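Starting from these lines, generate the structure:
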Amino acid sequence: MTFEPAPAPLNRTLDQELAALVRGASLECLVCGEFVMQVRGALACPECRSILAEGRDLRDIELPSVVQAG
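Next up is the predicted model:
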């Protein structure tokens, strides 16, 4: 009788998702799933306007508007 290791879960915790986003391994917004962009040292989603910034004043960050393709 052979025992095989249990498969690793595919779900990641919020901490793991945030760590992947911060280190650049992921470029997906945790809120809406769109691509994020770097704006003045912060990660921001132009679609849902969420911002991930550590120790920064958010008033200094201005997001560009999203252009809808026709």
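
OK, contacts around Glu28?
Leu21, Glu34, Phe35, Val36 (Cβ atoms under 8 Å, 6 or more residues apart in numbering). C-beta here means a position set from N, CA and C on the backbone, and glycine is covered the same way.

let's see 10 Å
When contacts are counted by Cβ atoms under 10 Å, 6 or more residues apart in numbering, Glu28 is found next to Glu17, Ala20, Leu21, Glu34, Phe35, Val36, Cys45.

Out of those, grab the one that's most surrounded.
Ranked by the number of neighbours (other Cβ atoms under 10 Å), these place Val36 first, at 23 neighbours.

Look up how far Glu54 lies from that one.
Taken as Cβ to Cβ, to the nearest Å, the spacing of Val36 relative to Glu54 amounts to 14 Å.

re earlier: mind checking which of the contacts of Glu28 land in helices?
Among the contacts of Glu28, DSSP state H puts Glu17, Ala20, Leu21 in helices.

From Cys45, how far off is the last one?
The one in question is Leu21. Noted for Leu21: a distance of 10 Å to Cys45, by Cβ to Cβ.

shared neighbours of those two, which are they?
Both Leu21 and Cys45 are in contact with Glu28, Cys29, Leu30, Val36, Leu52, where contact means Cβ under 10 Å, 6+ apart.

what sits against the residue nearest to Ser26 when sequence neighbours are not counted?
Using Cβ to Cβ, 6 or more residues apart in numbering and skipping the chain neighbours, the partner closest in space to Ser26 is Ala20 (4.0 Å). Shown here is Ala20, whose contacts under the criterion Cβ under 10 Å, 6+ apart are Arg12, Ser26, Leu27, Glu28, Leu30.
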